[in-house]
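Colleague: 3D, please:
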Amino acid sequence: MNLKLTALLLACGLGPAAFAQDVSTITQDEVTRIVSTLSHDSMQGRASFTPGIDEAADFIQNEFKQIGLKPLPGEDDFLQTFDMYRISPEEKEAKFRRSKISEEHIFAITDKEELEWNQKDKVKTVRIGENDNFREALQGLDNKEDVLVLVHPKHQQMFERYQHYLERGNVKQQLGGEGSKVFILTDEQTPKKYKIEIENKVEKLQLTNVAGMIEGKRKDEFVVFSGHYDHIGIQEAVDGDSIANGADDDAAGTTAMMLLADYYKQQPQPERTLLFVAFTAEEIGGFGSRYFSEQLNPDQIVAMFNIEMVGKPSKFGPNSAYLTGFERSDLGQLMQKRLEGTTYSIHPDPYPEQNLFYRSDNATLARLGVPAHTISSVQIDQDKTYHTVNDELEQLNMEHLTNMIRAIALASEGVVNGEDTPTRVDKSQVR
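Modeller: Sure, this is the predicted structure:
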């Protein structure tokens, strides 16, 4: 074998088992260019429904054009746009008998612009008592029913946490599908006379996934590579910085997806059709992946390589990552086998208590039976920049990020070329 070629492959982290693939075309300079752009201050933290995320979408679709991807089946371009509704609370008022309830002791979960209740409406009343579990009580509420929920003052801290979250607004794909819930913090047992008025601002807005493909010889067998490109936007300033740039979460994963698109476009036509997707709205409920999943037959999706927070070394050492939900299909084992003889490695998720399998866009497709997993390397139990303004470019290890992209290219090759077909996820075991 050519000694220069051998040296080049070894320098890229490859051993004898991987000589068929040259991943040196995935360069650190290109990785740095893309992740720097996505996490730049000009994109204002890429929050959903902001100009910053629109700028990010434009950048990604322009990259897809330059790479030479095609739009997804049935699409005219790379922008997969869909409507959503944002519900923002405006006014709230409640009276028990003639006593006015403080606004700080009221919040509502409703998609109605106006809500007016009194005792004559005979709305179901539920009390979360002093000794009840607040979370369990919420989970036990019927989504279809209108319910007045009386919360004992002992639960004030949890009440205020939910209230603060909902005051920022709620996002839904459709209106009118669920009942309304009004929560009152009170020691009242069952008010015989009450009046409740809620007013919301309801806006119809748009969200956009950015998606392209490389058509394979088997046109109707799909392999998905994805990352979410939204983040949490502008936050409370820390040392004068209020932009949560989301460099690791998830500009790093989106960068990986884009570099893999470029890498596979340079290879011979794949056996299976490859879909490359930058999901929107992961941070506010996974709406981008949900919409995407509704446009395809999940039975035709062979696997999903979702990439999230791969910009920092894992607990397993250099050139390593982990796969969430490792035990739910054999995709992780297939990836491990492909990486034998290299310096790269994929491990089972070491943080099961964090429920990471359910905290990214893979969960939507996994619920449909797709072997859909997230590749990550962040040490989530120790990471201090997660969802803060300190998730900056300077926190990333560019050599590690580059090697993670190369590792995914190698580990996915068997699925891409049709030699490997992972087992399906048992839908009944995914909540």
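Colleague: and the end-to-end length of stretch 334-350?
Modeller: End-to-end distance for stretch 334-350, by CA to CA, to the nearest Å: 19 Å.
Colleague: how about the spatially closest residue to Leu79 that is not a sequence neighbour, secondary structure?
Modeller: In space, and not counting its chain neighbours, Leu79 is closest to Thr208: 5.2 Å by CB to CB, 6 or more residues apart in numbering. To be clear about C-beta, it is placed using only N, CA and C from the backbone, and glycine gets the same treatment. Assigned with DSSP: H, G, I helix; E, B strand; the rest coil, Thr208 falls in the strand class.
Colleague: what's the pLDDT at Cys12?
Modeller: Cys12 carries a pLDDT value of 48.
Colleague: shaky segments in the chain?
Modeller: The chain contains residues with pLDDT under 70 at 1-20.
Colleague: circling back: show me what the residue nearest to Leu79 is bridged to.
Modeller: Thr81 (DSSP bridges).
Colleague: Asp426: neighbour count?
Modeller: Asp426: 11 surrounding residues under other CB atoms under 10 Å.
Colleague: may I ask you to confirm that Arg135 belongs to a strand?
Modeller: No - assessed with three-state DSSP, Arg135 is helix; it does not lie in a strand.
Colleague: list the buried residues in stretch 404-421.
Modeller: 404-418, 420-421 (16 or more other CB atoms under 10 Å).
Colleague: for stretch 202-210, that is, sorry about that
Modeller: Those buried within stretch 202-210 under the rule 16+ other CB under 10 Å are 207-210.
Colleague: JSON lines for these, including distance to Leu115?
Modeller: JSON lines is the format used below for these (distance: CB to CB, whole Å):
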{"residue": "Leu207", "distance to Leu115": "26"}
{"residue": "Thr208", "distance to Leu115": "31"}
{"residue": "Asn209", "distance to Leu115": "33"}
{"residue": "Val210", "distance to Leu115": "37"}
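Colleague: closest to Asn62 out of those residues?
Modeller: Of all the buried residues of stretch 202-210, Asn62 sits closest to Val210, with 9.9 Å by CB to CB.
Colleague: quick one: the closest one and Ser48, what's the gap?
Modeller: 14 Å (CB to CB, to the nearest Å).
Colleague: got it, and Ser242?
Modeller: 17 Å.
Colleague: likewise Tyr263?
Modeller: 29 Å.
Colleague: what do you get for Glu308?
Modeller: In terms of CB to CB, Glu308 sits 17 Å off from Ser48.
Colleague: okay, now the residue lying closest to Arg406 once chain neighbours are set aside: neighbour count?
Modeller: Spatial nearest neighbour of Arg406, chain neighbours left out: Val23 (4.1 Å); criterion: CB to CB, 6+ apart. By other CB under 10 Å, the residues close to Val23 number 24.
Colleague: also Glu392?
Modeller: Quick note: Glu392 (other CB under 10 Å) scores 18 neighbours.
Colleague: residues in contact with it?
Modeller: By CB atoms under 8 Å, 6 or more residues apart in numbering, Glu392 lies in contact with 39, 245, 247, 385.
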